[in-house]
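*Asks:* fold the following, please.
(one chain, ligands or ions: 1)
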Amino acid sequence: MFARDALSYDPIPLPDRNDLDDERMLAAAQGFLDVMRRRHTVRDYSDRPVPRGVIETCIRTAGTAPSGANHQPWHFAAVSDPALKRRIREEAEEEERRFYAGGGGDEWIKALEPIGTNAVKEHLTAAPWLIVVFAQRWGQFEDGTRYKNYYVPESVNIATGFLLAALHHAGLCALTHTPNPMRFLNDALKRPASEKPTMIIAAGHPAANATVPAVAKMKKPLEEISSFF
Ligand code: IYR
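*Replies:* Residues are numbered from 1 along each chain as shown. Predicted coordinates for the structure are as follows:
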């Protein structure tokens, strides 16, 4: 939705202020780091169901992300239907078999060795939910006329980050998955050609025997990922 009838600048006082003192600010920053450090990308899911309301609420969080001109150029297709998950799995595995058979190129396939991935994508049927993220390259008013969206990849990727944080905060595990190409998702999920699928996010509870690759715990230190001036 992009409101054609709200196209003029109409300032309202900043609705939510959070004037923490410096000490509380640091404690809050540290607390969030501690929460986010406990997020892991998980490939092995249990069959424990997740209520739709939890997924809806996490998607609402994603929808609070900033976006170019506030056009909110995203759509999240949430799938729990087993037959549809199976279809998505079959079509994704077909793409992945091509990738691992050499389509990805030797260097890329080698880089994935420590992650331990292959063309079998059990998470696509095992996880109770798949959330497929679509980027809206252009939008349409109700009368069918098109409008341009701006900073689409940036906006959609920020919203996706919010979604991953929300799922984690709700106690769920997730896996970001990008079979390539992903056009089959438009057909499976009935999304228009103006939308580009960017990612499949599997979400659910981890299996009892879930593992993560040891390398996933090795995060670059602050000195390497930042510079201060
Ligand atoms: N899409 C493939 C390959 C893959 C690519 C990267 I970069 C990863 O971090 C993991 C996998 C797959 O899902 O197996």
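
*Asks:* distance check, whichever residue of the chain sits closest to the ligand against residue 123.
*Replies:* Proximity of the chain to the ligand (CB to the nearest ligand atom) peaks at residue 117, 3.9 Å away. C-betas here are computed from N, CA, C, even on glycine. Distance of residue 117 to residue 123, given as CB to CB, to the nearest Å: 11 Å.

*Asks:* more neighbours: which of those two?
*Replies:* Regarding residue 117 and residue 123, a neighbour count based on other CB atoms under 10 Å identifies residue 123 as having more, with 24 against 16.

*Asks:* surely that one touches residue 202?
*Replies:* Yes: Residue 123 lies in contact with residue 202 (CB atoms under 8 Å); the separation is 4.3 Å.

*Asks:* shared neighbours of those two, anything?
*Replies:* Shared contacts of residue 123 and residue 202, defined by CB atoms under 8 Å, 6 or more residues apart in numbering, are found at 45, 175, 177.

*Asks:* okay, now the residue nearest to residue 35 when sequence neighbours are not counted: neighbour count?
*Replies:* Sequence neighbours aside, residue 169 is the residue nearest to residue 35 in space, at 6.8 Å (criterion: CB to CB, 6 or more residues apart in numbering). Residues near residue 169, counting by other CB under 10 Å, number 14.

*Asks:* just residue 8 next, same as before
*Replies:* Neighbours of residue 8 (other CB under 10 Å): 5.

*Asks:* can you give me phi and psi for it?
*Replies:* phi -110, psi 160 (degrees, to the nearest 10).
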